[in-house]
Structure formats: C-alpha cells, structure tokens
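Q: got a sequence here, can you build the structure:
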Amino acid sequence: MSVFVTKENFVPRHRPQSFDDFPSYDDLLPTLRFWGAWGPPGSDEESLGMLNMLTPDLVARTVAKEVKTGERVGLGWEFHMLDYPNFKRIQFDIQYKWVTYPFSFDDEYRMNPQQSSQWDGFRHHSQMLSHEFGPRQEYMTVDDPDKAAVWHGGTSAHEIQEGTRLSLHSWSKQGIAGRGVLLDYASWAEEQGITYSTFDYYGIPVEDLLKVAERYNVKFEPGDILLVRLGVTKEWMTKSTEWKENYRTLSPPTHAGMIQSEALLRFIWDNHFTAIVSDAIGWELFPNKNPDHLMSLHQTVLAGWGVPIGELFDLDGLSELCKKHDRYSFFFSSVPFNAIGAVSSPPNAMAIF
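A: Now for the predicted structure:
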C-alpha cells in the first residue's frame, strides 16, 4: 500500500497518558502520521516523539524486572567500522595533538555518525509529499525541498538547516532507558539451515520475525525497544579489503533487511515499540523495489510516527548473553551525544541482565 499525502493533510493528535490511549493503526490512515501529540513545535517533547512514553515509572519497573545478574554488554561497534562506508560517507579518523609537549595529548575526531553504530533522529529522513510528482527520481530534481518532502511534525527542510527543531540532543537530557527485546534472526536462520548474505538483496518478512519471537519465547510489552540481529557486523569482519573497496563504490549498494509492507508497519505500531534497532545498515531492505509499498519504513517510522531507528548496532555480544541466560529481554540504556542540531548520533548503548 502506497500513501502519498500533503503537508496540509494534518490531523493533530492528543497526548497519550498510557499505551491504551493510542489510536489504532487504521485510525492513522491515510497519512500514517502521529503528529502534534507531544508538545508545541520546537519543544523537547516534540523532539522525543515516542520516547516520551519511557516514563520514570516504566523505567523503574523495567529495572526491577530485568536486572538480575548485573552482566552487561556494550552495543556500539568500533567507531572506525564500517571502515569503507557507502553513500559518500567519510571514513572515521582520529588525530592526536600535543596539549603540553611532552606531557599530554588531546585527540580530535572526524566522523559521520551514520558510518557506524548510530541513531537516526527525526531530522534524518522526511516523508514524500504528493503534489505532481511520480517516481522518487522526480522528487530529487525540485528547486525547493519543501515542495517535495516534510519531516516529523510538519517540519520543513529550511527549519532543519537554519534551526534546531527536532534536534536529537533532546534525547540526551534523560537518555533512552527501557526494556529491550532481541529477535536474533541470524541465530534462528542458522538453526533453520537458511543461508544468506547481509550484503545481498535479501528480504525478511515480518512473519519470520514472529517465528523468531516464538522460537526464543519473546513476549512483547508496550514501550519495548525492539532489537533485530541479522549478522552484519560479524559478516563485515570476514570481508577482504578488495571487497570492501568495491562495496564502497556501489550505487546503489544492496543491504539485507526487513521487507517493506503494511504488515510490518502494523507490527511496529500495534506493539507500541518506542524505538527499533538492528545491526543492519538501514534496518529495512535496500533498495526498496516493492511497487505496492513505495514509502520506505524510514518515511513512516521516523517522519510519520516519531519512532527512533538504530542501525549498525553491534548485537553479537548481546546474542551470546541472551543464549547464556535463555532470556531475550533485558534493561536497555543509551545516551546519545548532546549536540544541538544533531541529525544522528552514536548510541553509547548497553544492555544489562
């Protein structure tokens, strides 16, 4: 199902006091937008989106229920990975500078957060407007981006370039904390004898996610932070320098991920996930070739609903801890960079058991 809408087609929502207050998926049609519920334009509440539902009460209950052994694992990949990023993104670089020779050093980073483990903030991806445009390529030739796209809450490209609306730094003020659940697709596929490359055009239907949840006895709760492991970080480390150099030049590259579908969107919305995370480069299958669902997951989840997307998280250590305890839920925490105006950020994330 493809839905192209106008900026003016905006139904303001009431702020939910509980997860029971959210409208149904069908009530969001045709725009698939949940705008205007959290706070006025430019407020921290608007910038938090669905993270507003990670209340102190929910966090306290999660800690009491999920933290049992104190074991913990970081979820951020090394900053220099991907060491050969695509999409014209720069490689990570660190330089050392003398502060007081010969006694002390500083270091200076040059990086694009999208090149490694990162959160996509709501300034990252827009939702296409209808107007007179057809194929995606036609949108990319307009003289004014505000004619073609709109960001969460009705934010314009000019507001992003010239202001701080939807800035990701709002997430750092309290951090992101709640119950995480892992759907370890990579381990499940291995058990099933399914072979694939995460750098092929390999799509995962939402029905398979439900099979993974059943296999590992994952029970979803409102407010969960959903993590899906495909095995990207592990596979990348097996690739040769020659392969990586070639990958960097591909236009477009191919990335395994979730197949775009209405069933996937219903799964995300109906379970009231407050964020979705993966070790995949783009979470969803790329490029999107589905003629029945031309709007990408990013357009709906980020721009439509205000649900953060985490990508390229290192979930291999988390997978091992989950197997060790035969438990796929845990306490999740993340404190993004406090960078005003940020589009994305390393997650600084960890899971605690």
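
Q: which helix or strand contains His124?
A: Secondary structure from DSSP states H and E places His124 outside every helix and strand.

Q: with adjacent residues omitted, what lies nearest to it?
A: Val343 (5.1 Å; C-beta to C-beta, 6 or more residues apart in numbering). All C-beta atoms are positioned from the backbone trio N, CA, C, and that covers glycine.

Q: run a quick neighbour tally on that neighbour.
A: 20 (other C-beta atoms under 10 Å).

Q: do Glu191 as well
A: The burial count for Glu191: 11, using other C-beta under 10 Å.

Q: list the contacts for it?
A: Residues counted as contacts of Glu191 (C-beta atoms under 8 Å, 6 or more residues apart in numbering) are Arg215.

Q: how is it assigned, secondary-structure-wise?
A: With DSSP: H, G, I helix; E, B strand; the rest coil as the basis, Glu191 sits in helix.

Q: circling back to that earlier point, torsion angles phi and psi at the residue nearest to His124?
A: In terms of degrees, to the nearest 10, the main-chain angles of Val343 are phi -90, psi -40.

Q: I figured it was touching His125, is that so?
A: No. Taking contacts as C-beta atoms under 8 Å, Val343 lies outside contact range of His125: 9.4 Å.

Q: sorry, back to before: how about the residue nearest to His124, what does it touch?
A: Contact analysis of Val343 by C-beta under 8 Å, 6+ apart lists Pro113, Gly121, Arg123, His124, Ile160, Leu168.

Q: give me that answer again for 10 Å
A: Val343 makes contacts with 112-114, 118-125, 160, 166-168, as judged by C-beta atoms under 10 Å, 6 or more residues apart in numbering.

Q: any idea which of these is the one closest to Ala303?
A: His125 (5.9 Å; C-beta to C-beta).

Q: count of residues packed around that closest one?
A: 20.

Q: that one and His152 touch, don't they?
A: Yes. When contacts are counted by C-beta atoms under 10 Å, His125 is listed as touching His152 (9.1 Å).

Q: can you find the helix or strand of this protein with the lowest average pLDDT?
A: helix 136-139 (a mean of 52; mean pLDDT, DSSP states H and E).

Q: thinking again about what came up before, give me the common contacts of His125 and His152.
A: What both His125 and His152 touch, as defined by C-beta under 10 Å, 6+ apart, is the set Leu302, Ala303.
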